[in-house]
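Participant: Predicted model and sequence follow; I will ask about them next.
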Amino acid sequence: MPHILRIKDPQWYPPQCWDTLGVLSQRRDLIETEPLASEKITELDLFLVKQPDTPMSALVQIWARAMHIFLDIYLDPDADDEVKHYVLLMLKEHYEEYKRMPQRAQDCLAPVWGSWHAALLVEWEECSGTA
């Protein structure tokens, strides 16, 4: 795929020169080529969540990505209890914010919360001895 240099392309300019459309385009490219937990994508996401003109659909995608990363960290068999506790605290904050979102955004994120619910249900059953 040929690379097209955009005006203020995040790949070639410092963050203070970025624009929302260029960052969204770069993020779409990176989502296809980078691992889910890529620091490059995280840098773009952090920029986008601060921009007032970032579309709701992009914010939902950013949110869903973060939730999937948290789930991967939480389900990692090598994760220690302190890390899991931190992830659960972040999850609580995300859930409280999620409940304040417009219903349309909540509907888009419901499958992500379903994944979390399933993971926590399995853990609850294992801890309570009902599995």
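Facilitator: Here it is on my side, so go on. Numbers count the residues shown, from 1 in each chain.

Participant: What ranges does this structure have for its helices?
Facilitator: Here the chain has its helices, by DSSP state H, at 20-33, 39-48, 56-75, 81-99, 103-128.

Participant: Tabulate those in a markdown table, adding columns for distance to residue 13.
Facilitator: Bear in mind the C-beta positions are built from the backbone N, C-alpha and C, glycine included. Formatted as a markdown table, those follow (distance: least, CB to CB, whole Å):
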| stretch | distance to residue 13 |
| --- | --- |
| helix 20-33 | 8 |
| helix 39-48 | 12 |
| helix 56-75 | 19 |
| helix 81-99 | 31 |
| helix 103-128 | 30 |
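
Participant: mean pLDDT lowest for which of these?
Facilitator: Mean pLDDT values for the helices of the chain show the minimum at helix 103-128, a mean of 83.

Participant: looking at it, residue 79 is touching residue 73, isn't it?
Facilitator: Yes - using CB atoms under 8 Å, residue 79 makes contact with residue 73 at a distance of 6.1 Å.
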